[in-house]
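>>> got a predicted structure here, sequence first:
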Amino acid sequence: MNKRFILTAEGVTKSFDGFKAINDLNFYLDEGELRTIIGPNGAGKSTFLDLITGRTRPDEGQIEFKGTPVIKKTEYQIYRMGIGRKFQTPSVYSDHTVYENILLGLKGSRGVFGAIFGRVTPAQNDQIHHVLEIINLKDKAQVRAGTLAHGQKQWLEIGMLIAQDPELMLVDEPAAGMTDEETARTGELLLSLAGKHTIIVIEHDMTFVRQLANRVTVLHQGSILREGSLDEVQNDERVIEVYLGKKKHDAIHPQH
Ligand code: ADP
Ligand code: MG
């Protein structure tokens with residue numbers, strides 16, 4: 001096997017007060033892949049992203065990005081290596097405009113002050129407008145980010161990620177709090193980015209996961225329970241068993 005993985009995690013364990021949020025996790029991601037991670041609340045999905053991005057350090061195990069170990073690096077070093085993240089709760093700069101937020105995401109920008117008060121080159125301005133078009137916030141460019149609707153904040157944070165242009169995008173629950181229509185648009189957006197970027201998407205909404213039509217990893221108690229197509233994992237007895245408790249069958253086989 002001489003496949004080149006862009007990201008590998010091997011034997012990774014992380015405990016919080018004795019509770020193993022991540023438990024001997026082994027995960028392999030191909031370059032250019034769009035992968036969805038699903039799993040019940042508390043399965044360790046966000047913690048896994050914390051470990052990849054250097055926000056949290058593992059107790060054991062190794063994580064490598066393009067063959068380079070990341071677990072001793074700082075968050076900023078990992079960011080510079082080409083890993084970008086959208087948090088589960090949108091973390092936009094509320095007091096800055098939508099335009100300024102995208103500017104802050106642009107590759108090379110460092111620090112809010114320098115990025116906003118430094119000069120914006122015509123090339124940067126073009127890039128910002130291009131991103132605003134992709135995320136459908138062109139007419140909100142001069143609006144304060146804090147005043148946006150929740151779904152628009154989610155898009156703005158995805159826009160900051162696009163502006164940052166990382167090789168690996170980690171997108172935590174992008175469709176949370178969105179209407180069905182916004183969710184479908186978000187799916188289209190991620191599909192349009194796939195191939196140009198390697199992407200991990202964490203999501204609960206099965207309609208959305210189906211729209212992405214890609215390889216799915218089911219995380220449960222900090223380990224991988226099953227990987228495969230959505231149909232394969234939805235029909236796995238163990239997945240049905242653990243997934244979302246009592247309403248498990250309905251939850252993983254939504255009616256709409
Ligand atoms: P998911 O994203 O799959 O819903 P999380 O990764 O957020 O799950 O959480 C997994 C478990 O780890 C939860 O029980 C959570 O309370 C715990 N956990 C996550 N981060 C921390 C932390 N920084 N300190 C203490 N416990 C944490
Ligand atoms: Mg989470």
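Received the coordinates, thanks. Numbers count the residues shown, from 1 in each chain. Ligands and ions are numbered 1, 2, ... in the order given.
>>> number of residues surrounding the residue of the stretch 1-150 of the chain found nearest ligand 2?
Nearest residue of the stretch 1-150 of the chain to ligand 2 (C-beta to the ion) works out as residue 46 at 3.2 Å. C-betas here are computed from N, CA, C, even on glycine. Neighbourhood size, residue 46 [other C-beta atoms under 10 Å]: 21.
>>> same thing with the one 3 residues further on?
Residues within reach of residue 49, counting by other C-beta under 10 Å, total 22.
>>> now residue 74
By the criterion of other C-beta under 10 Å, residue 74 has 10 neighbours.
>>> touching, residue 65 and residue 6? I think so.
Yes: the pair residue 65 and residue 6 passes the contact test of C-beta atoms under 8 Å, sitting 6.9 Å apart.
>>> what do the two both touch?
residue 168 (C-beta atoms under 8 Å, 6 or more residues apart in numbering).
>>> can you give me the strands in the protein?
Assigned by DSSP state E, the chain shows strands spanning 5-16, 19-30, 34-38, 60-65, 68-69, 83-86, 168-172, 198-202, 215-220, 223-228.
>>> mind listing the helices for the stretch 1-150 of the chain?
With DSSP state H, counting those that start in this stretch as the criterion, the stretch 1-150 of the chain has helices at 45-52, 75-81, 98-105, 112-117, 122-134, 150-164.
>>> hmm, who's touching the longest one?
The set of residues external to helix 150-164 that reach it, using C-beta under 8 Å, 6+ apart, is 84-87, 90-92, 98, 101-107, 127-128, 131-132, 134-137, 140, 145, 148, 169, 171, 174-179, 182, 186, 189, 193.
>>> and the residues you listed, which of them are buried?
84-87, 90, 92, 98, 101-106, 127-128, 131-132, 134-135, 137, 140, 145, 148, 169, 171, 174-176, 178, 182, 186, 189, 193 (16 or more other C-beta atoms under 10 Å).
>>> would you mind naming what in the protein lies close to ligand 1?
Applying C-beta under 6 Å from any ligand atom, we find that the chain lies next to ligand 1 at 16, 21, 39, 41-47.
>>> can you select the buried ones among those residues for me in PyMOL?
With 16+ other C-beta under 10 Å as the criterion, this PyMOL line picks the buried residues out of these:
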select buried, resi 21+39+43+44+45+46+47
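>>> among the residues of the chain next to ligand 1, which pair sits farthest apart?
16 and 39 (17.0 Å; C-beta to C-beta).
>>> mean pLDDT lowest where, among the helices of the stretch 1-150 of the chain?
Among these, helix 112-117 has the lowest mean pLDDT, at a mean of 60.
>>> tell me where the model's unsure across the stretch 151-256 of the chain.
244-256 (pLDDT under 70).
>>> what is the neighbour count of the nearest residue to residue 134 once chain neighbours are set aside?
Using C-beta to C-beta, 6 or more residues apart in numbering and skipping the chain neighbours, the partner closest in space to residue 134 is residue 162 (6.3 Å). When neighbours are counted by other C-beta under 10 Å, residue 162 registers 25.
>>> now swap in residue 139 and tell me
9.
>>> repeat that for residue 168.
23.
>>> what are the bridge partners for it, then?
residue 83, residue 198 (DSSP bridges).
>>> ok, it - contacts?
6-7, 65, 82-84, 197-200.
>>> just curious, which of those is nearest to ligand 1?
residue 200 (12.5 Å; C-beta to the nearest ligand atom).
>>> how many other residues sit next to that closest one?
24.
>>> go ahead and confirm residue 170 touches residue 50.
No: counting by C-beta under 8 Å, residue 170 sits too far from residue 50 to count as a contact (9.8 Å).
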